[in-house]
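>>> Sequence and computational prediction follow.
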Amino acid sequence: MTNTTSAKTMDDASGFRVAITGTPGAGKSEVVKYAINIDKKYDILTVEELAINNQLIGDVDRLDGAKPIDIESLKTILTKEWEKTSRQIFIDGHLSHLLPVDAIVIIRCNPEILKIRNHSRGWSENKVEENSEWELLGSAWNDCNEWGTIPCLELDSSAQSVEALFSQIEQWIVDGFKPNSQEERIDWVSILHG
């Protein structure tokens, strides 16, 4: 799926929408919680609350415990609603990169560490394995180039503090979302399986 929002720079008004995305358990929610605690100028939204507010969330799926979201309808609504924003918004959620955003931050995590984190959440073995495999393969994150001109920052949360991650995000914003994307992508298959 291609995100068609055009990229912003810090010179364009003061508002922006940054998707904080990544595999469940990678640390994206911790980063946005830190952001709101450190600086009240940021608005924090979640994909789930946006879906609920727009009545675009389904009932819990008995197989995986997830609530399906009509992301296409949500994208359509938000594209109109967010045409011009003066707010500085972080959108938390593993589907946030599919919304009309100005920049994307992908929080990555070593799949072995991700397994430990998600086991501690009490998740089923199947759900833990699915998310670990998703992270290992990079799945949607490997398609960063498909997002066109949307600036994309990929960070590894495996051995970094939330403070360090947010500091890098904030510096990237101050630098006008430059560079637009990294030369080297995180490749867990090469790292873990040489």
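Right, received. Where do you want to start?
>>> and residue 72, which of the three is it?
With DSSP: H, G, I helix; E, B strand; the rest coil as the basis, residue 72 sits in helix.
>>> no wait, residue 55
Three-state assignment for residue 55 (three-state DSSP): coil.
>>> That one: how many residues sit nearby?
Neighbour count for residue 55, taken as other C-beta atoms under 10 Å: 8. C-beta: built from backbone N, CA, C; applies to glycine.
>>> can you check the one 4 residues further on too?
Close neighbours of residue 59, defined as other C-beta under 10 Å, add up to 7.
>>> Isn't it up against residue 67?
Yes - with contact defined as C-beta atoms under 8 Å, residue 59 reaches residue 67; the gap is 7.0 Å.
>>> Buried residues in stretch 109-116, which are they?
Buried residues in stretch 109-116, counted by 16 or more other C-beta atoms under 10 Å: 109-111, 113-115.
>>> Outside of it itself, list whatever touches it.
Stretch 109-116 has contacts (C-beta atoms under 8 Å, 6 or more residues apart in numbering) with 22-23, 25-27, 117, 128-129, 131-133, 135-136, 156-158, 188, 191-192.
>>> Sort out for me which of the residues you listed are in helices.
Residues of the contacts of stretch 109-116 located in helices (DSSP state H): 117, 128-129, 131-133, 135-136, 188, 191-192.
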